[in-house]
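Novice: Next one to model:
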Amino acid sequence: MAVAASSRALIGRTAELAVFDRALLSAAAGSGSVVFVEGEAGIGKSRLVQGVVESAGRRGFTCLVGAARPLETTRPFGAVAEALGMRRGSPDPRRAEVAALLSGGQASDVRYDVLEAALELVEVESRAASTLLVLEDLHWADESTCLVLRTLLHRVALLPVLVVVTLRPAPRTAELDLVLAEAVESGAEVLQLGPLAPAEVLELVRAEAGSVRDLESVVAKAGGNPLWVVEIARSVAADGSLPDSFGSLVLRRLRYLPDATLATLRVAAVLGDVFSLVDLSTITGRGAVELVEHLRPAVGSRLLREESGKLAFRHQLVHDAIYHDIPEAGRVALHREVARVLADAGAPVTQIAAHVLRGATPGDAQAAAWLRAAAREALPRAPEVGVELLRRARAIGPSDEVDVEFAEALLRTGRVAKCAALVEELLRRPRGAGSGAALRLLLVEALSLQNRGPELVAQADAALRSPDLSEAERALVLAQSAYGRTFSGDVPGGEHSAREAVALAERAGAVGMRVWSLTTLSFAVKTQGRYAEAVDLARRAVEIAADSVDGRLRHPHFFLGMALADADDLVPAGEAYLDAVAECTALGSSWILPDIQQLTGELHFVRGEWDDALVELDAGLHAAAERGNRVAVTQSTGYQALILAGRGDLRDAEVLLGGLPGGRAYGTEVTALARAVVAEARSDPVSAFHCLWSAWQDDVDGRVMRFLPQLGPPLARLAPAAGRPDVAASVVDGIGESAGLAAEVVSVQTAALRCRGLADRDQSALLRAVELARSSPRVLDRAGALEDAAALVGPPAALRLLTEALDVYEAVGASLWARRVRASLRAMGARVGVRRERQSPATGWESLTDTELAVARLVAEGLTNREAAGRLFVSPHTVNTHLRHIFGKLGVSSRSALTAAVLHQDHAIE
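Specialist: Below you'll find the model as predicted:
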């Protein structure tokens, strides 16, 4: 139930109030938290929260309160929208903006736009005053409300905000279970609200009903449930009777109401636990004045109360008792009638759907059509609500069309595995040719997103045999098949399919498919090491997309960024990724955002900007978990492990690597590099060699050239120690082929020279590699080339080379390799002074990266996370991660303290 004011003092709950007192003090100091209050119906959750609201109000907090409701599970962001006042008529432009998004009409997925806008509203409120955000009855919440709460768990610590959530043990959705699991993991308080103690029950009875005879019976009957205690006491005080149950008590009270009041209450109960007189008037056909008179006795009997301009049943249990007293057939008929009347009155489709869900019967084609219409409206704002509506539509009125709509909704909401499983099952049943072709297209896309290469190729081949596909659809299938072949090791086959897709798309004049096919071809070509050609193909896709209004352009800037990065054009690659973020917004598609963030992290890694790399990688993995997009998870985790290992945190690196599933995946080469670094650091060069050799063989067999420049030099160096000098020669041949394909790419040419120099012990090749590497933006390549050359040249030159390598490692913060170089310098008789041993500052202004400084200054200007993210072309989650690091480094605990620190620093500089 939503919080309502109470005139009586709160009895008991001393320990719980102490928890809230500490949480409010912490929030007032700038460090927020989330507290969950769990307990059965009537146990006093709302009364406890009301006490917290009153306490927060006395301390100057802004209090925002919203509740989820059983008849509003189809209302996206329901409790959050209520708490934050997100209404179209709001005078606040921010609230009006997000209300417009919630009102529907968008063709694209705006769920994450609404999420960030809602979080920004919380930030804005907390800038003016410490804020209490109450979300009641989360057991009824839709998935988007749970998404907001999950995100708050990770952000609220940096805000002067206390979030309070109430819920019952049941019902419990999988999404809410996930929220609670993350809450426990993040250290949030979860209060289990139990019964009042006998002495507290006696105190409550006396406070509510005065002197009551047979108090022992009241105490025993109530079981410590405050609501039950109060109602039993009142019943005994009124007529001396001891009711059997709460429901029977409510129904007994109904017998004393006028018939008109009772009839109106039953209709109101069908509308929900909170209802407006406008809706009730629409349904009953009676005027507001007449309804007020009918309901006055119910208010006097404490069955109804006022709440935010509406009427509400005093408790959910009161509503349930009246609602379930209506025979089931009557409830179904009433819900159906309510749906019809609301539809005629032009009510929102999602409001109508809530009643259709409860008023429909199997075979009801009209109800199924309503649910499908509601799903189309809900999908852009709350895809999970749309999925549930379509699931119910299938149950009520199954058809080929609704099967396709449901499968597509699963895919668009990130339930990729469920989509694939459903479509595979549906394709085993007899069905019309048209729906079969549509389902195969969905299956091909789902398998592509799951990186299930061989199955993708098989399904694509089956789809291409269908005569019902248009040329544009055949181009789509071929493009997806190209991915499948590329990911499953048949890269030349992937290129062939992509070229077929390009030809078909051009013949069909399908701009979206031309862009998609060209980017697919770019990916296949890039994977084989032909980087200049890949860049040209991706640029063509970008140019075509720039001249088109087609909404299905498949992110050409993202593919351009990948091609440029592999071609060593790291600055233009970063710019392309920024354009890809803007592309996501324009296309209304956030699925690929985790990949953009994770590949941006890769750029920071190779440039030696490891702090920024970790932030982007963390943000990308967080976004991937939110969206169910795991394509780049292995590669990103590999880079995180490489950074940890390079900094000497071998145990943490091993923990990260141990959490990855077995088998080959996109980016397995990076995890092989990380495992090799850890093994070599633990004095096991043979295991390090085998990690790299396995990855190398897989890539060479599949014509995957992209990672050979990273794998080759350490493999050639370790091969003699592993007793496999023949491998060094094989590596030289393989990397030589890569160098022949990419004469313009410095990192590939450097790797080829290093491998040849290591295999042949050729000083001149290694020294040429050093000269080339000095012009490369890949700083670790430079340091590695310097170490390789130093191992073969004489002491004076070796000292200079190692000193230069040490400078690189120290600048990056790669303490593991810096220690290795220091040991080599000492072995040569060099004195490595104190300056060499000193680590870069871990705290204070000097410890902040350039990006962290930019974030700190933007926050000090008063920008929200979303506004700062817009300025820096990153995600709000990335800004939040930077803020966590900044707070720790500067020793501040709030945004206001950070603002003061920035102003103080600027004054000191002046």
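
Novice: Over to the closest residue in space to V190 that isn't next to it in sequence. Which of the three states is it?
Specialist: Of all residues not flanking V190 in the chain, F36 sits nearest, at 4.5 Å (CB to CB, 6 or more residues apart in numbering). For the C-beta atoms, the positions are set from N, CA and C on the backbone; glycine is no exception. Secondary structure, DSSP: H, G, I helix; E, B strand; the rest coil: F36 is strand.

Novice: Now do the contacts for the residue positioned nearest the centre of the chain.
Specialist: With the centre of the chain defined as its mean C-alpha position, the nearest residue by CA atoms, centre = their mean is E626, 2.4 Å away. By CB atoms under 8 Å, 6 or more residues apart in numbering, the contact set of E626 is 147, 150-151.

Novice: likewise A268?
Specialist: 275, 280, 295, 311, 313.

Novice: Next one: it from R69, what distance?
Specialist: 13 Å (CB to CB, to the nearest Å).

Novice: can you check G484 too?
Specialist: Distance of G484 to R69, given as CB to CB: 45 Å.

Novice: same deal with S399?
Specialist: 31 Å.

Novice: which of the two has more neighbours?
Specialist: R69 (23 against 16; other CB atoms under 10 Å).

Novice: farthest-separated two in the contacts of A268?
Specialist: Across these, no pair lies farther apart than L280 and F313, at 12.9 Å, counting by CB to CB.

Novice: quick one: which of the two has more around it?
Specialist: F313 (26 against 21).

Novice: What residues does the closest residue to the more buried one other than its chain neighbours make contact with?
Specialist: Among residues not flanking F313 along the chain, H319 sits closest, at 3.8 Å (CB to CB, 6+ apart). Applying CB under 8 Å, 6+ apart to H319 gives the contacts 269, 272-273, 313.

Novice: how about the residues you listed in CSV, adding distance to R75?
Specialist: Converted to CSV, the contacts of H319 look like this (distance: CB to CB, whole Å):
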residue, distance to R75
A269, 18
G272, 11
D273, 13
F313, 18
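
Novice: Okay, and which of those map to strands?
Specialist: F313 (DSSP state E).

Novice: Tell me the one among the contacts of H319 nearest to L249.
Specialist: Minimum distance to L249 across the contacts of H319 is 14.1 Å, recorded for F313 (CB to CB).

Novice: partner residues bridging the closest one?
Specialist: L304 (DSSP bridges).

Novice: any idea how far S776 is from it?
Specialist: From F313 over to S776 (counting by CB to CB), the distance is 70 Å.

Novice: can you pull the alpha-carbon coordinates of whichever helix or strand E16 is part of into PDB?
Specialist: Using DSSP states H and E, E16 maps to helix 14-28. Listed next in PDB are the C-alpha coordinates belonging to helix 14-28 (Å, rounded to 0.1, in the frame of the first residue of the first chain):
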ATOM      1  CA  THR A  14      12.900   0.000  17.500                       C
ATOM      2  CA  ALA A  15      15.700  -1.900  15.800                       C
ATOM      3  CA  GLU A  16      14.300  -1.200  12.300                       C
ATOM      4  CA  LEU A  17      13.900   2.500  13.100                       C
ATOM      5  CA  ALA A  18      17.600   2.600  14.200                       C
ATOM      6  CA  VAL A  19      18.600   1.200  10.800                       C
ATOM      7  CA  PHE A  20      16.600   3.900   9.100                       C
ATOM      8  CA  ASP A  21      18.000   6.600  11.400                       C
ATOM      9  CA  ARG A  22      21.600   5.600  10.400                       C
ATOM     10  CA  ALA A  23      20.600   5.400   6.700                       C
ATOM     11  CA  LEU A  24      19.100   8.900   6.800                       C
ATOM     12  CA  LEU A  25      22.100  10.400   8.500                       C
ATOM     13  CA  SER A  26      24.400   8.800   5.900                       C
ATOM     14  CA  ALA A  27      22.200  10.100   3.000                       C
ATOM     15  CA  ALA A  28      22.200  13.600   4.600                       C
END
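
Novice: Poorly predicted segments of the stretch 751-900 of the chain, please.
Specialist: Applying pLDDT under 70 to the stretch 751-900 of the chain picks out residues 833-840.

Novice: what do you get for the stretch 1-150 of the chain?
Specialist: Where the stretch 1-150 of the chain drops to pLDDT under 70, the residues are 1-8, 74, 104-109.

Novice: Helices along that one, start to end?
Specialist: 14-28, 45-58, 78-84, 93-102, 111-128, 143-155 (DSSP state H, counting those that start in this stretch).

Novice: Pick the most buried one from these.
Specialist: helix 78-84 (a mean of 26; mean count of other CB atoms under 10 Å).

Novice: L162 should be in a strand, yeah?
Specialist: Yes: under three-state DSSP, L162 falls within a strand.

Novice: okay but it is in contact with A23, surely?
Specialist: Yes: contact criterion CB atoms under 8 Å: L162 and A23 qualify, at 5.1 Å.

Novice: Which neighbours do the two have in common?
Specialist: 33, 35.

Novice: okay, now the nearest residue to A188 once chain neighbours are set aside: neighbour count?
Specialist: Leaving aside its sequence neighbours, A188 sits nearest to V34 (CB to CB, 6+ apart; 4.4 Å). V34: 25 surrounding residues under other CB under 10 Å.

Novice: Please name the residues that touch V34.
Specialist: 149, 152-153, 156, 162-165, 183, 188-189.

Novice: Run through the bridge partners of it.
Specialist: Counting by DSSP bridges, V34 is bridged to V163.
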